[in-house]
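Enquirer: I'll drop the sequence and a predicted model, then ask my questions.
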Amino acid sequence: MASLIGFYSLFFSLGCSILILLFSFKNLKNTTNFDNKLLSLTFLQLVFIILSFFGLIIAFINSDFSNSTVFNHSHTTKPLFYKISGTWGNHEGSLLLWLLVLTLFIFLFLISSKKQPKKYRVLTLLFQQIIIIGFLIFLIQTSNPFAQIYPVPSEGLGLNPILQDPALAIHPPILYLGYVGSSIIFSSVLAASSTNYISKEWAKHIKQWILISWIFLTLGILLGSIWAYYELGWGGFWFWDPVENVSLMPWLALTTLFHCVLVLEKKLLLTSWVVILSIATFTLSMSGTFLVRSGILNSVHTFANDPERGLYILIFLFILIFLSLIVFFFFHKTDGRNKITFFWLSKETSILINNWFMMYFLAVVLIGTTYPIFLDVLSSQKISVGPPFYHKLIVPFLIPFLLAMAIGPKLNWIKSDLQNKFHLLLLLAISLLLSFLIIRILEISFLFNTILFTSAFYLFFITLRDFFIKGFKNLAQNIAHFGFSLLILSILLNNFLSNEVITNLKIGETYRSDELTINFEKIEKIKRQNFEAIIGKFNVKKDDGIVEILKPELRIYNQPNIVTSEADIKTNLLSDKFITMNLVQNQEYFNIRYQIKPFMIWIWFSVIIISFGGFFSLFKKKYEK
Amino acid sequence: MYGRKVKLRFFFILLIFVTLSLTIFLILKSLEENVVFFQSPSEIKVLSELKKKKIRVGGMVKNKSISVQKDELNFIITDFKNEIIVTYSGVVPNLFAEGKGVVAEGYLKDKNFFLATKILAKHDENYMPPEIKAAIEGK
């Protein structure tokens, strides 16, 4: 029943879309006021999509296996929480979620943009509806979440156990709010540029939407990253896996876009660049979906290898790009407003420089991710591009990037002179000294690392000082930049101080090295709701005599029959102790990996600080001016 | 003399051009050094020379071929035409098992021995990475 309601709601919302298209064309021609019918229709559409989404959730909760999505991705013994999160843990359901966010955002946009020009609002709605219609047809045609099975199976196939995890249950919705949030920016920029409304007022208004989608994207990436750390047992924070990269690319574009909009808001510069970046952000989100969903990049996100779906998204993507290029080349007018020239030492130049680096990082990630795909298609050679590629190309350029981040905000708009030179130099000297000491203690290769540490410390100290002397002025930016310096510092220290032991042990055996001994004391078996757990007990003894007990698990799930290993992580402020165990088939040996990961928690924490900076910026008007 | 605006624009275009070509050069050069090629055991057998570069080998883990010692693990990767012996010390993914697909990354000692530095995880029991499928079907 719930499935049926959900299914028909989809058609009703498609009907709403068509009505909205009709009325908005009429509205563009005739009246001067915004037609309120459009708002009601958008609301109605949102209600239908919500209804449809809840229909699916209810089908999942009731384990209604006559629905093929539920049959393929659920099981009666699954805990309720994962029954619900299973709704978006599959291709069909996640697309429905995507639609939900699309309609939700356009509705919120319409009710919050009442002060904007009518033509601009109607056009934004129009462009957004084109995206919505595209996804609705995609959903109904190729991936109907409410497809029926007859005869009704008595039991479902279950959800992939590695998706049965709290972080991953909320990761897709959060990430989608960021991904799909960029659709509003896309629609709005097309509308603004075709009505010639790219102005300071527009920048101020769209900035909020960029921030919202940026914050969610940041948090979504963070959740995915934390999940990969403990659930996949990858034991790190970033792996340059293609799936990670496709979320990083829109993030880079969005971050760049945000900084450009700041320039636009103040100086009405870079209009074309803002338009291009907005289009690029959404295109990257879309192509990310395409790459991940079509099975070209294989990962846990590849729910089904259906070429038809990949092809549809690809065609749809090209239509959208084509549409936006037409708008950009034929309707976008620069108007010769860009008359103000740049002075080399000013805030906008430093933002431009950072833009340049961001685009470079984006290019590196883009090429590293897509090059293997192209090579496979062109020459059927199979290759992979690993972390060394990215490290080599990105890390050196972090130095000027960090320095520009430190000094840039100190400059004024248009033309500037550096004030407080004394403090800037003093802090530089302190950072240099501190880095020098750290490098000495760590005994790592000298020159390059010293400079890298110095630039990170420099940003750290400068932003730290600004908290005290500037108070609420530029607080949002300062928080975000401070968070970034903290992130880079934690990553560097984590990278240099990490330590790991990999060994194979039988029960009762002990591994010994100079620094530590690992004793594999015993295993216990415990039966849980939908899996059986084998819990190992390890006593790790350091050379300072402290014994720590770690209990990693192996989980054998009933349906699907998959073994996963759960890491046991002991976290404190300074470092994470991380242990995983695996059983090699038909062998008595367990494969043990013990890692010491310093400052892990600081990496996560600094990303939260960064997004908090964005959050603060959303509400900062109350404090400033 | 040219106007200030023209000069500025020229400077800008030059700057864009220089950075763009520099970027492309850097990326291509780095790609050349850091790319890891994927080969099946049969492809390795017909190699004319052994390179010192890191490669990936994929296929099925041969039945009854896994043996574990304290600090290393040995197994055989097969594509049902040829096989290669792999020595590995490191973390084994959960879905590593006899008769299942596997991708190992590392260095060739000779055409029969492979020293793996990493074994790649699959995410799903039923899912076979396209590389392995291609390697087994012989492309």
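Expert: Received the coordinates, thanks. This is a predicted model, so every value here is computed, not measured.
Enquirer: give the contact list for A:F290.
Expert: For A:F290, the contact set (CB atoms under 8 Å, 6 or more residues apart in numbering or on different chains) comprises A:296, A:310, A:313-314, A:317. Quick note: C-beta positions are derived from backbone N, CA and C, even for glycine.
Enquirer: which residues in the stretch 51-200 of chain A form helices?
Expert: A:68-73, A:80-85, A:91-112, A:118-142, A:166-194, A:200-230 (DSSP state H, counting those that start in this stretch).
Enquirer: possible to save the ones you listed as TSV with mean neighbour count, mean pLDDT and distance to B:L8?
Expert: Output for the helices of the stretch 51-200 of chain A, formatted as TSV (neighbours: other CB atoms under 10 Å in any protein chain shown; pLDDT from 0 to 100; distance: least, CB to CB, whole Å):
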stretch	mean neighbour count	mean pLDDT	distance to B:L8
helix A:68-73	24	88	58
helix A:80-85	18	91	55
helix A:91-112	21	93	37
helix A:118-142	20	93	32
helix A:166-194	23	91	24
helix A:200-230	21	92	23
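Enquirer: is it possible to export those to TSV including distance to A:T283?
Expert: Below are the helices of the stretch 51-200 of chain A laid out as TSV (distance: least, CB to CB, whole Å):
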stretch	distance to A:T283
helix A:68-73	28
helix A:80-85	29
helix A:91-112	16
helix A:118-142	12
helix A:166-194	8
helix A:200-230	14
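Enquirer: could you redo these as JSON lines and give each row distance to chain B?
Expert: Formatted as JSON lines, the helices of the stretch 51-200 of chain A follow (distance: least, CB to the nearest CB, whole Å):
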{"stretch": "helix A:68-73", "distance to chain B": "12"}
{"stretch": "helix A:80-85", "distance to chain B": "17"}
{"stretch": "helix A:91-112", "distance to chain B": "13"}
{"stretch": "helix A:118-142", "distance to chain B": "20"}
{"stretch": "helix A:166-194", "distance to chain B": "12"}
{"stretch": "helix A:200-230", "distance to chain B": "11"}
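Enquirer: Scan the chain for its longest helix.
Expert: Just so you know, I chose chain A. With secondary structure taken from DSSP state H, chain A has its longest helix at helix A:347-379.
Enquirer: was after chain B, sorry
Expert: If you go by DSSP H, chain B has its longest helix at helix B:4-34.
Enquirer: okay, now the domains of chain B?
Expert: Each domain of chain B is listed here as a residue range: B:1-34, B:37-137, per automatic domain parsing.
Enquirer: for chain A, same thing?
Expert: If you go by automatic domain parsing, chain A breaks into A:1-164, A:166-384, A:387-498, A:503-601.
Enquirer: would you turn those domains into JSON lines with distance to B:A97?
Expert: Listed next are those as JSON lines, based on distance: least, CB to CB, whole Å:
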{"stretch": "domain A:1-164", "distance to B:A97": "16"}
{"stretch": "domain A:166-384", "distance to B:A97": "16"}
{"stretch": "domain A:387-498", "distance to B:A97": "27"}
{"stretch": "domain A:503-601", "distance to B:A97": "4"}
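Enquirer: Which among those is found nearest to B:V61?
Expert: domain A:503-601 (8.8 Å; CB to CB).
Enquirer: how long is that closest one end to end?
Expert: One end of domain A:503-601 to the other measures 26 Å (CA to CA, to the nearest Å).
Enquirer: for stretch A:29-40, same thing?
Expert: Span of stretch A:29-40 from end to end, CA to CA: 20 Å.
Enquirer: And the contacts of that stretch?
Expert: Contacts of stretch A:29-40 (CB under 8 Å, 6+ apart): A:20, A:23-24, A:26-27, A:110-111, A:114, A:118, A:121-122, A:125.
Enquirer: One more: stretch A:599-609?
Expert: Contacts of stretch A:599-609 (CB under 8 Å, 6+ apart): A:218-219, A:221-222, A:225-226, A:229, A:237, A:479-480, A:482-484, A:486-487, A:489-491, A:493-494, A:497, A:571-576.
Enquirer: Now list the buried members of these.
Expert: Buried residues within the contacts of stretch A:599-609, counting neighbours by 16 or more other CB atoms under 10 Å in any protein chain shown: A:218-219, A:221-222, A:225-226, A:229, A:237, A:479-480, A:482-484, A:486-487, A:489-491, A:493-494, A:575-576.
Enquirer: and the contacts of stretch A:599-609, which of them are in strands?
Expert: Applying DSSP state E to the contacts of stretch A:599-609, the entries found in strands are A:571, A:575-576.
Enquirer: and of those, the nearest to chain B?
Expert: A:D576 (16.5 Å; CB to the nearest CB).
Enquirer: And that closest one, how far from A:L168?
Expert: Between A:D576 and A:L168 the distance, using CB to CB, to the nearest Å, works out to 19 Å.
Enquirer: Could you pull out the helices in chain B for me?
Expert: Under DSSP H, chain B gives helices at B:4-34, B:41-45, B:130-137.
Enquirer: comparing the ones you listed, which gets the lowest mean pLDDT score?
Expert: In terms of average pLDDT, helix B:130-137 trails the rest of the helices of chain B, at a mean of 61.
Enquirer: hmm, back to that, between the contacts of A:F290, identify the one with the most neighbours.
Expert: Within the contacts of A:F290, most neighbours by other CB atoms under 10 Å in any protein chain shown means A:I313, with 22 neighbours.
Enquirer: so which helix or strand takes in it?
Expert: helix A:307-326 (DSSP states H and E).
Enquirer: ok, A:A191 touching A:P117?
Expert: No. Counting by CB atoms under 8 Å, A:A191 does not reach A:P117; the two are 9.6 Å apart.
Enquirer: A:N62: neighbour count?
Expert: Applying other CB under 10 Å, I find that A:N62 has 15 neighbouring residues.
Enquirer: quick one, what contacts the spatially closest residue to it that is not a sequence neighbour?
Expert: Of all residues not flanking A:N62 in the chain, A:A2 sits nearest, at 7.2 Å (CB to CB, 6 or more residues apart in numbering or on different chains). Shown in contact with A:A2 (CB under 8 Å, 6+ apart): A:54-56, A:58-59, A:62, A:64.
Enquirer: 6 Å instead?
Expert: A:A2 is in contact with A:55, A:58-59, counting by CB atoms under 6 Å, 6 or more residues apart in numbering or on different chains.
Enquirer: And for A:F282?
Expert: A:182-183, A:186.
Enquirer: go on, A:S278?
Expert: A:S278 makes contact with A:185-186, A:189, according to CB under 6 Å, 6+ apart.
Enquirer: What sits closest to it if chain neighbours are left out?
Expert: A:V189 (3.9 Å).
Enquirer: Then A:I549?
Expert: Here the residue nearest A:I549, using CB to CB, 6+ apart, is A:N539, at 5.8 Å.
Enquirer: Then that neighbour would be within a helix, right?
Expert: No. Assessed with DSSP: H, G, I helix; E, B strand; the rest coil, A:N539 is strand; it does not lie in a helix.
Enquirer: Okay, and the beta partners of it?
Expert: Beta-bridge pairing for A:N539 (DSSP bridges): A:N519, A:I549.
Enquirer: Count the neighbours of it for me.
Expert: Counted by other CB under 10 Å, the residues lying close to A:N539 total 14.
Enquirer: Surely it and A:N519 touch.
Expert: Yes. Counting by CB atoms under 6 Å, A:N539 does reach A:N519; the two are 4.3 Å apart.
Enquirer: show me the contacts for B:I27.
Expert: Neighbours of B:I27 in contact, by CB under 6 Å, 6+ apart: A:I367.
Enquirer: C-terminal to the strand or helix carrying A:I438, what's the next element?
Expert: If you go by DSSP H and E, A:I438 is part of helix A:421-442. Per DSSP H and E, the first helix or strand lying C-terminal to helix A:421-442 is helix A:447-470.
Enquirer: Which positions in chain A make contact with chain B?
Expert: Counting by CB under 6 Å from any CB of the partner chain, chain A comes close to chain B at A:298, A:300, A:341, A:360, A:363, A:367, A:382-386, A:388-389, A:392-393, A:502, A:504, A:560, A:562-565, A:582, A:584-585, A:587, A:589, A:591, A:593.
Enquirer: among the residues you listed, which are in helices?
Expert: Counting by DSSP H, the residues of chain A next to chain B place A:360, A:363, A:367, A:388-389, A:392-393 in helices.
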